[in-house]
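Enquirer: Turn this into a structure:
(one chain, ligands or ions: 1)
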Amino acid sequence: MESLSRQILKALQSVLPKDTSFITLHEPCMKGNEWDYVKECLDTGWISSAGKFVDQFESMLSQYTGAKFAIAVVNGTAALHMCLLLADVQSGDEVIIPALTFVATANAVSYCGAIPNFSDSDERTLGICPHKLRNYLKEIAIKKQNGCFNKQSGRRIRAIVPVHIFGHPVDIDPIKEICDEYAIVLIEDAAESLGSFYKGRHTGNTGLVSAISFNGNKTISTGGGGAILTNDEHLAKRAKHLTTTAKLPHKWEYNHDQIGYNYRLPNLNAALGVAQLEQLPGFLESKRNLANRFENAFNQVDGVRFFKEPDFARSNYWLNCILLKQQDKEQFNAILELCNNNGFMTRPAWTLLNELPMYKSCSQMHLTNAKSIVKRLINIPSSAYL
Ligand SMILES: *Cc1c(COP(=O)(O)O)cnc(C)c1O
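Expert: All right, here's what the predicted structure looks like:
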C-alpha cells in the first residue's frame, strides 16, 4: 500500500502542469489590458488619488457584485477597518470573528480599540458555524436597550464578522437572523470571495458593509488594494469622506471636519483593477475547471477529500484545499514535506488567531471544529492559469 503522501503527490502531478519547476499557491495573471491602462495613467499624469480608473473600477465592482456602492481603498485591511468604523465599533467593544481566518480580520478590530471574541468553524463551509454561534450567544449574551452585552466581560458585542474562507461562502442567512435577534451588526469579510455567490447573491451583500481585497495573491489583484461594499447610500458617502482625509469639498480651501484616513486607492492601481475585472469571468471559469480536476483526482485517494463548495453556494475557488480524514501530525508533515520538495507548494491553514500572542487572552467559545480543521487542512496550488 502506497503512503498517503505519495498518493497525494501523484494526484497533484496528474492535475498540474509538469513543465514548471515550482508551482506556487496563487499567482496574479496580468494578460489583459493592464499595460495599456497603466500606460495611460503614466502618459496623462493621473497616477494618484484621483482619475477616471478609480471611478470606473468602483462602478464595475458595484455592477458585478450587485452592491449599490463600492468604494475603492488601499488594501483589504483598510477596507475592513473602515467597515468597522462605519458600523460604529468603538473602543472597548467586542467583535465576534472566526478563530480560523487571516490575521487582518482581528487586526482591523484592534485598530478600533475593540477586542475580538473568537468563534468556531463549520466543516461544511470552513466559516463561522451558525449553530455554535447561536448556542454561545444564548450562554453569554444579554440584550439591553443600548445594545447586546457579554455577561462575562461586561463589554458591548457590537458586530459579528463572518469570513468567506478561501472564497467559500459562509452560511450567512442564519447568522444574519442571529444578528437581527440580538441587535448585533453584521459585517462581511469578503476579502477572499470576489466572484463567490450565496444562494444566487454575491457575497458581501448581506451585511451592512463588507470588505474585499485585491492583494497580490487574491483572485484579482491591483498590486495592493481593497474595496468597501454597501447598499446604504449614507454609509457609502461616509466611507468616501472618511477614506479621503474627511476633506470638505472646496476649490481652494483645505478644511476637514473630523479625523479622516488616507485610504483612497491610487488611479494607477485602479487601472490594474479595471483590466483585472474584465478578465474575472475567465479566471473564475479556469479556477472552477481546476477544482473539478482536483476533485476527480482526489476522489481516487482514500483518507483525504477535496474541499467543495457547499450546495447553497457557488464558490470562486480562490484557494483550493484538501482535508485529511485523520488527525496525524507525522503524516501531515510528511505530505507537506514531500509535495513542497517535489515542486508543488502546499501549506497548512493559518495558525488559529486565539493562539497568537496578542490575541491569547481574548474570549472564545469552544473551538473544537477549528482545532480539528487546522490539523487536517492543506492548501494546494490554485492560480487561474493552471
Ligand atoms: C487578504 C485578506 C485580508 C486583508 O487584505 P489585504 O488586502 O491583504 O490587506 C483580510 N481578510 C482576509 C480573510 C484576507 O484573506
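Enquirer: use CA for all of it now, contacts and neighbours both
Expert: Fine.
Enquirer: what does this protein have sitting close to the ligand?
Expert: Residues of the chain lying close to the ligand by CA under 6 Å from any ligand atom are 75-77, 101-102, 104-105, 163, 189, 191-192, 213-215, 225-226.
Enquirer: Would you check which pair of the residues you listed lies furthest apart?
Expert: With distances taken as CA to CA, the most widely separated pair in the residues of the chain next to the ligand is 101 and 225, at 18.9 Å.
Enquirer: The lengthiest helix in the chain packs against which elements?
Expert: When the chain is parsed with DSSP state H, its longest helix is helix 267-299. Packed against helix 267-299 by the contact rule (3 or more CA pairs under 8 Å, 6 or more residues apart in numbering; DSSP states H and E) you find helix 4-15, helix 34-44, helix 52-65, strand 304-306.
Enquirer: could you say what helices and strands the first one packs with?
Expert: What that stands for is helix 4-15. helix 267-299, helix 329-341.
Enquirer: How about the second one?
Expert: Packing contacts for helix 34-44, counted by 3+ CA pairs under 8 Å, 6+ apart, involve helix 267-299.
Enquirer: buried set for the helix it packs on?
Expert: 267-277, 279-280, 283-284, 286-288, 290-291, 293-295, 297-298 (16 or more other CA atoms under 10 Å).
Enquirer: Likewise for stretch 7-23?
Expert: Quick answer for stretch 7-23 (16+ other CA under 10 Å): 7, 8, 9, 10, 11, 12, 13, 15, 16, 23.
Enquirer: ok, now stretch 169-187?
Expert: Buried-residue list, stretch 169-187, by 16+ other CA under 10 Å: 169-172, 175-176, 178-179, 182-187.
Enquirer: then it to PDB, C-alphas only?
Expert: Only the C-alpha atoms of stretch 169-187 are listed here, as PDB (Å, rounded to 0.1, in the frame of the first residue of the first chain):
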ATOM      1  CA  PRO A 169     -19.400  31.400   1.200                       C
ATOM      2  CA  VAL A 170     -20.300  31.100   4.800                       C
ATOM      3  CA  ASP A 171     -23.900  30.000   5.700                       C
ATOM      4  CA  ILE A 172     -24.900  33.600   6.200                       C
ATOM      5  CA  ASP A 173     -28.700  33.600   6.400                       C
ATOM      6  CA  PRO A 174     -28.900  32.000   9.800                       C
ATOM      7  CA  ILE A 175     -26.000  34.300  11.000                       C
ATOM      8  CA  LYS A 176     -28.000  37.300   9.800                       C
ATOM      9  CA  GLU A 177     -31.000  36.100  11.700                       C
ATOM     10  CA  ILE A 178     -29.000  35.800  14.900                       C
ATOM     11  CA  CYS A 179     -27.600  39.300  14.400                       C
ATOM     12  CA  ASP A 180     -31.100  40.700  14.000                       C
ATOM     13  CA  GLU A 181     -32.300  38.900  17.000                       C
ATOM     14  CA  TYR A 182     -29.500  40.200  19.200                       C
ATOM     15  CA  ALA A 183     -29.200  43.700  17.700                       C
ATOM     16  CA  ILE A 184     -25.600  43.000  16.600                       C
ATOM     17  CA  VAL A 185     -24.300  44.500  13.300                       C
ATOM     18  CA  LEU A 186     -23.300  42.100  10.500                       C
ATOM     19  CA  ILE A 187     -20.100  42.900   8.600                       C
END
